[in-house]
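# Coordinates for the following, if possible.
(chains A, B, C, D and E, ligands or ions: 4)
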Amino acid sequence: MELIFEGLREAVARILTLDRDLLEAASASLVTSGSATSLSVVTGVPLGAALGLGRFRGRGLLLALANTGMGLPPVAVGLFVAVFIWRSGPAGQLEWFCTRQAIITAQYLLAAPTIVGLTAVAVQSIDPMMRLQLTALGATRLQSIALLMRESRLLILTAVMAGFGAVISEIGASLMVGCNIKGDTRILTTAIALETSKGEFGAAFALAFVLLGIIFALNALTTWAQQRARPQ
Amino acid sequence: MELIFEGLREAVARILTLDRDLLEAASASLVTSGSATSLSVVTGVPLGAALGLGRFRGRGLLLALANTGMGLPPVAVGLFVAVFIWRSGPAGQLEWFCTRQAIITAQYLLAAPTIVGLTAVAVQSIDPMMRLQLTALGATRLQSIALLMRESRLLILTAVMAGFGAVISEIGASLMVGCNIKGDTRILTTAIALETSKGEFGAAFALAFVLLGIIFALNALTTWAQQRARPQ
Amino acid sequence: MSGTILEAEDFAVARGGREVVRAHELRIREGEALAILGPNGAGKTSLLLALATLLPFAGRLRFRGSSIDRPLAFRRRVAVAFQRPLLLDRSVRENAALGLALRGVSRRERDQRAHDALVRLGVAHLAGRSARTLSGGEAQRVSLARALAVGPEILFLDEPFSALDAPTRETLVADLARVLRARGVTTVLVTHDRDEALSLSDRVAIVMGGRLRQIGDAASVFATPVDSEVAAFVGVENVLPARVVSVTEELTTLRVADHLVEVTADVPAGDDFPLLCIRPDDVIIAREPGPTSARNALAGTILRLEPIGRRVRVLLDCGFPLVAHVTVRSARELGLAEGDVVTASFKATLPHLLARHRAA
Amino acid sequence: MSGTILEAEDFAVARGGREVVRAHELRIREGEALAILGPNGAGKTSLLLALATLLPFAGRLRFRGSSIDRPLAFRRRVAVAFQRPLLLDRSVRENAALGLALRGVSRRERDQRAHDALVRLGVAHLAGRSARTLSGGEAQRVSLARALAVGPEILFLDEPFSALDAPTRETLVADLARVLRARGVTTVLVTHDRDEALSLSDRVAIVMGGRLRQIGDAASVFATPVDSEVAAFVGVENVLPARVVSVTEELTTLRVADHLVEVTADVPAGDDFPLLCIRPDDVIIAREPGPTSARNALAGTILRLEPIGRRVRVLLDCGFPLVAHVTVRSARELGLAEGDVVTASFKATLPHLLARHRAA
Amino acid sequence: GGGGTTGGRPASAAGPAATARQDAVPDRPELLVATTTSTQDSGLLDILIPDFERRTGYRVKTTAVGTGAALAIGAKGDADVVLVHAISAELAFMAGGNGDRRLLVMHNDFILTGPPSDPAKIKGKPILDGLNAIVATGTPFISRGDKSGTDILEKSLFKQAGITPGAPWYIESGTGMGQSLTVASERKAYIITDRATFLARRGQLALEISIEGGAPLLNPYHVITVNTAKFPRVNGKGADAFADYLVSERGQALIATFGKDTYGQPLFFADAGKRVEDLR
Ligand SMILES: Nc1ncnc2c1ncn2[C@@H]1O[C@H](COP(=O)(O)OP(=O)(O)OP(=O)(O)O)[C@@H](O)[C@H]1O
Ligand SMILES: Nc1ncnc2c1ncn2[C@@H]1O[C@H](COP(=O)(O)OP(=O)(O)OP(=O)(O)O)[C@@H](O)[C@H]1O
Ligand SMILES: [Mg+2]
Ligand SMILES: [Mg+2]
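Ligands and ions are numbered 1, 2, ... in the order given. Model (predicted):
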């Protein structure tokens, strides 16, 4: 118990003193998870919307795959990406092993299915007659999708936050492909794991509190936006 | 690359031979994640619905907290739970360290916020006038919530799958509180991590494929149910 | 008709931070049917929903004499059919039985009562269908059936027949009126259809611009609106500035433009320049001045003939503009054409007088 | 009125795996206004949406003579206002401009055109409001404005005025009719309001039970329905079994119960037992048999008087049941009461005859 | 012993490249080191690597995994150099032609720890006797079971003692050293651990040293450069530089003093130039 308070104290102290290791890890976390989430949004939201609204063959299968992707085990994704970017792997010449690019790739694979799957359900939650009305108004498929995406923005925002939350707090993949290199690929979660295995539980809690603080701040912002958008 | 194929081959072989370790790990995964998810559903769905529909003070804060919970780092949760159930901790006399109960507890903490947060958004996606109509029909608060939950079942199902996917594929917490004890708390993800750290990458892939297979099967089922429920 | 069943005082409803409707006093009598009429956005729905305790309101609301402390108990004694049919994604049967299910009525009984209501609304054959696949009118009927099924003491209906086909509407309105009256159910209904208001309701309330402007028995509200806005709204198209010439026991003589007009209506206190209101329906058109019981006969030129469904709107110039409605048959038989000079007449008993400067 | 703008052949629409409407042939003429009438669930909406290429259909559909290969291009030349106003969660202005935005019209131009449409519908003052906060009628007006704003060649309207208040509806219908005619816009509108159909449309199509039953100019469809179901639907309440007694050049004499009736209508080929159809509006009630131009005068007892809005439905027993509609004013002037014996008369030119065994 | 292959080439320990700041940036500055979690968890690498990078201009990427995984990565040419502690696995690695140079860097030692109550009464006994006593009393024993250096040593000790480990007393935790120690502490079990991790974690553990010392418990770390002949893409120069740095005076000095200020005793003993057989 007192470990937790110690962690809180240490978190505050390290934030107030702008502790360099902490800042590095926090910024590495934000950069990698932010990039991975952005990529997932750019590719996953349109794909999810298309999956949710489309009527093509194999759609059910793709949806099930996307939903499965929400449960991709980070260690497995990490291993998978590692096998690709190791020197012996097909993408070995990229020399991405132990780099942020590798972390972003792995996190992208983790975040994208979540965003695709939730977006698909989000756009489906709109009255099907609304889709017909948009078609009637002369919308192309793409325009319809764009409009319905905007219409279900509250849910999509949640999808994005879920994706971001999943990757910024995951460790298995980032550790395996990023190597937890201090000042570079050491992100908050891998730092927490390291401190934990060092037995520095207070420091681990401190890092965890910083991580939670970041996630909370972002969520408070989006929750506020969500609820503001909600009709009374 | 050939590691991946080797993994697939090994997965098939181990499934066909009903490999005992594999079965043990898979059943442990299903039992722990299944229990954690069930608990989260029982407590989280009503709570989420209440949060989504309510009008009380502090609702925004609670929603932001739930959303933050979607990004709870498993290692941090694991550490947190561990501190509680270690002998030195406040719940030490339970003797839960390295037990499935501990894993279920930690996974519950991971799944519940996801389910609460997504359920809240799910029920909010229903026309607000529908809520008024239910009140008009003489529904109590609880009845309204129950009806709206049923009405947004497609989204809630997705929320549940997201929660389940998150915990059955997480490792940080389960490893930390469950200890990966062979034949007991060794679940699929911790087994993957172990094989990976042994350098038995093929075996790790085999386990990963089994895990993905389980998640996919469940998702195919629910996706099918979802899409069947979708009006044409 | 006994006492007051629902009573609102200093009643005001705000939505989106803006007051949208206000009523100084509104008493709904036990067993009556009250129609609420008004332009779009006037606040009819808001008023109705607030009376049903579904929107927050300022002021007092009393049900059978006592204030409503437990809204849930009140709501379980009334029923509301919303303007849009809000059906759950379930079978029609389940939707119709929903109110009963929420009240804990046994499955057998609620299936029976829901069935009866669906039969009454002519949609029993849809019972097994998913509510999501109904046509607009079918959905509205199910929504009505759901409200009827609970056997309410007060029935709040928001444009309940707007999506119904004409024959159904006609028979249903008659049928409903009979049933509700027989059971002594108090009905408050918002409608845009004056005919519906007339046939279904005992009294009519006019809501305009967020105010309850007038309430009274249906015929009198249509005949004697309280001000020119209400007059225009209820279809009194002729609101003419007049000057009082003489007042006797029996008749008031007024000058309208160059004509003298005799009416039996009372002059608004101390107003020598009242507004003369004549319903277009009350103006009779004839080819010849000939003998008629109507006191006032004016010659006029037909400026325009506009068919409105089965009636024709005749715009006359009698020195002042006068609108008359005649049936298509009459118009045909009289051979009316634009430019014709005809005689327009109306009885002295039909017009009424409005104070010109009545506060809106 | 020139050629055919939209033409459907062997047209069938299925929903939920069931055929819900079928039309053997339907030609919509350039510039006309066609009203589709029919009972709830008849398939009007399905037909309308399929004609607008919004639902899958079987059969052929041609626009200006050629089949529609690129539905998107077609849809951008037409506009649809749905039965429910489906507005996006944005401002009213954005909603009204949506069709134009999708067509890539510049912001300035679309704001202007959306504004014009909103003004026409009387909701320009709501431009900045969120569409989620509109009242039912306001929302319907915005939905209409959105359809008008794109300047379509064909306007598909599904019960466009159902939520509008009566005065707005009256002025809007007249206003719209004028504008659409002036611009040569072809209009297909589903409505439940016979008056609306009469005033707004050139032709009327009757859809019942999933079939296009009859199409023709408005007056003739209402006057001469093709079968007893259509007759009942369009308000021809009197459909009486008759027997042909004699046929001359000028007149057909029929026996209805114990009475002889003379009509000018043609006898359906080879049917000696046709159905005699008389609109209740065409039956005149008088106290005395007196001199009248009507050929047929029958004595009857008033069984029931039912007010329907501003008219009274009179159910007579003339040896057979006969329904007449009179105005409230006439009923009052004649002092009608249940049990009275009166004379019901109708001109020989007004009724029409139906084959009794016409395939439904 | 495995001394035969140790120190294939003379270490250029005192050479200028390893001791002075190198201004010329190497043509392939990226260097991949696969090592065990113990070197990273102890914090030693956080001292050595930055110093090495400063002096040589190399940029080191360390992947800290189990010894098994580290050698497996090396055996595919995916690492340039490995730093591990499991002699039998190392020898198999060399025998497979995967390694080039293999140099003894340092050692610490393993200890057998257990509950302070010492339920099997093994305090001070020789290690093999101790293990037998644990089995005889059925006291729980925690094994990492992860093919780490510690795990490999433990298994060979059981073999030497003639014991086939199994349920119920033998519990495989399948986790890293730190976590396994926690498990042992919570489960009141015995466990074999490296001294460094034990010292680091001692504060949170209800464990005491039961048996220490003796040749079988020595834990030597070797650095192995990966065979450039077999894996042409391996950064051989960098690997040599890293190996050379570890056995240089500078590297050895850092190793020898690491941990003294925190724990009052060094965590590792610098052994450059020695042979495994010579360690005591
Ligand atoms: N999505 C659907 N799935 C299955 N059946 C449907 C669906 N939509 C409509 N129907 C059915 O098709 C028939 C025709 O419906 P449609 O909406 O065209 O009727 P309508 O003539 O417009 O009726 P209304 O006057 O009530 O609007 C109805 O029986 C209706 O229940
Ligand atoms: N949720 C809301 N938020 C803000 N304003 C609202 C909301 N709902 C309705 N209003 C506004 O309140 C006023 C009254 O609305 P109400 O729905 O009561 O009108 P109504 O008389 O029922 O109109 P209609 O005949 O169109 O149904 C309108 O101006 C409307 O725009
Ligand atoms: Mg309303
Ligand atoms: Mg319809």
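
# Could you report the neighbour count for residue 204?
Here I'm looking at chain A. Under the neighbour criterion other Cβ atoms under 10 Å in any protein chain shown, residue A:204 is assigned a count of 25. (C-beta placed from N, C-alpha, C; glycine too.)

# The intended chain is chain E.
Residues contacting residue E:204 under the criterion other Cβ under 10 Å number 16.

# got the contact list for it?
A:199, A:201, E:182, E:185 (Cβ atoms under 8 Å, 6 or more residues apart in numbering or on different chains).

# Can you tell me how far the closest residue to residue C:221 other than its chain neighbours is from chain E?
The spatially closest residue to residue C:221, leaving aside those adjacent along the chain, is residue C:204, at 4.4 Å (Cβ to Cβ, 6 or more residues apart in numbering or on different chains). Relative to chain E, residue C:204 is positioned 80 Å away (criterion: Cβ to the nearest Cβ, to the nearest Å).

# Show the subsequent helix or strand relative to the helix or strand where residue C:214 lies.
In this structure, residue C:214 is located in strand C:211-217 according to DSSP states H and E. If you walk from strand C:211-217 toward the C-terminus, the next helix or strand you reach (DSSP H and E) is helix C:218-223.

# could you point out which element follows that next one?
Past helix C:218-223, heading to the C-terminal end, the next element that is a helix or strand (DSSP H and E) is helix C:228-233.

# How far does the next helix or strand after that following helix sit from its chain's centre?
Next along the chain after helix C:228-233, taking DSSP H and E as the criterion, comes strand C:238-241. The chain centre lies 22 Å from the centre of strand C:238-241; the measure is Cα atoms, centre = their mean, to the nearest Å.

# The one residue in the stretch 1-150 of chain C that gets nearest to chain E: neighbouring residues, count only.
Among the residues of the stretch 1-150 of chain C, residue C:89 lies closest to chain E, at 47.3 Å counting by Cβ to the nearest Cβ. A count of nearby residues for residue C:89, using other Cβ under 10 Å, gives 18.

# Quick check on it: phi, psi?
Comment: the main-chain dihedrals of residue C:89 come out as phi -80, psi 70, following degrees, to the nearest 10.

# Verify the contact between it and residue C:129 for me.
No. Using Cβ atoms under 8 Å, residue C:89 is not in contact with residue C:129, being 11.9 Å away.

# Alongside ligand 1, which residues does the stretch 1-150 of chain C contribute?
C:133, C:134, C:135, C:136, C:137, C:138 (Cβ under 6 Å from any ligand atom).

# These: which ones sit near chain B?
Checking those against chain B by Cβ under 8 Å from any Cβ of the partner chain, the ones in range are residue C:133.

# quick one: residue C:170 from ligand 4, how far?
Between residue C:170 and ligand 4 the distance is 19 Å, computed by Cβ to the ion, to the nearest Å.

# where does that residue land on pLDDT?
Each residue has a pLDDT score; the one for residue C:170 is 83.

# Dead centre of the chain: give me the residue that sits there.
In the absence of a named chain, chain A is used. Closest residue to the average C-alpha location of chain A: residue A:164 at 2.7 Å, with Cα atoms, centre = their mean.

# my question was about chain E
Among the residues of chain E, the smallest C-alpha distance to the mean C-alpha position (Cα atoms, centre = their mean) belongs to residue E:85, namely 3.6 Å.

# from what I can see it touches residue E:223, true?
No. With contacts defined as Cβ under 8 Å, residue E:85 does not count as touching residue E:223, sitting 10.6 Å away.

# Helices along the chain, start to end?
I'll assume chain A. Secondary structure of chain A by DSSP state H: the helices cover A:2-16, A:20-53, A:59-69, A:74-85, A:100-124, A:128-136, A:141-151, A:153-168, A:172-178, A:188-198, A:201-229.

# Sorry, I should have been clearer: chain E.
E:16-19, E:37-41, E:44-56, E:67-74, E:87-95, E:127-137, E:149-160, E:177-187, E:195-201, E:236-247, E:249-257, E:260-263.

# Quick one: list the elements packing against the third one.
Okay, so that is helix E:44-56. Packing partners of helix E:44-56 (3 or more Cβ pairs under 8 Å, 6 or more residues apart in numbering or on different chains; DSSP states H and E): helix E:16-19, strand E:59-65, helix E:236-247, helix E:249-257.

# before we move on, the earlier item: deepest-packed of the helices of chain A, please.
For those, ranked by mean neighbour count under the definition mean count of other Cβ atoms under 10 Å in any protein chain shown, the leader is helix A:172-178 at a mean of 30.

# Which elements pack onto that helix?
Contact here means 3+ Cβ pairs under 8 Å, 6+ apart; on that basis helix A:172-178 packs against helix A:74-85, helix A:100-124, helix A:188-198, helix B:188-198.

# export these to a markdown table and tack on mean pLDDT?
Output for the helices and strands packed on helix A:172-178, formatted as a markdown table (pLDDT from 0 to 100):
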| stretch | mean pLDDT |
| --- | --- |
| helix A:74-85 | 89 |
| helix A:100-124 | 92 |
| helix A:188-198 | 85 |
| helix B:188-198 | 88 |
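
# how about low-confidence regions in chain E?
Regions of chain E meeting the criterion pLDDT under 70 cover residues E:1-24, E:280.

# which residues touch residue 98?
Looking at chain A here, since you left the chain open. Shown here is residue A:98, whose contacts under the criterion Cβ under 8 Å, 6+ apart are A:177, A:178, A:179, A:181, A:185, E:32, E:61, E:62, E:63.

# nope, chain C
B:137, C:88, C:146.

# Now these in JSON lines, please, with extra columns for neighbour count and pLDDT.
Formatted as JSON lines, the entries for these read as follows, by neighbours: other Cβ atoms under 10 Å in any protein chain shown; pLDDT from 0 to 100:
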{"residue": "B:137", "neighbour count": "26", "pLDDT": "95"}
{"residue": "C:88", "neighbour count": "21", "pLDDT": "94"}
{"residue": "C:146", "neighbour count": "30", "pLDDT": "96"}
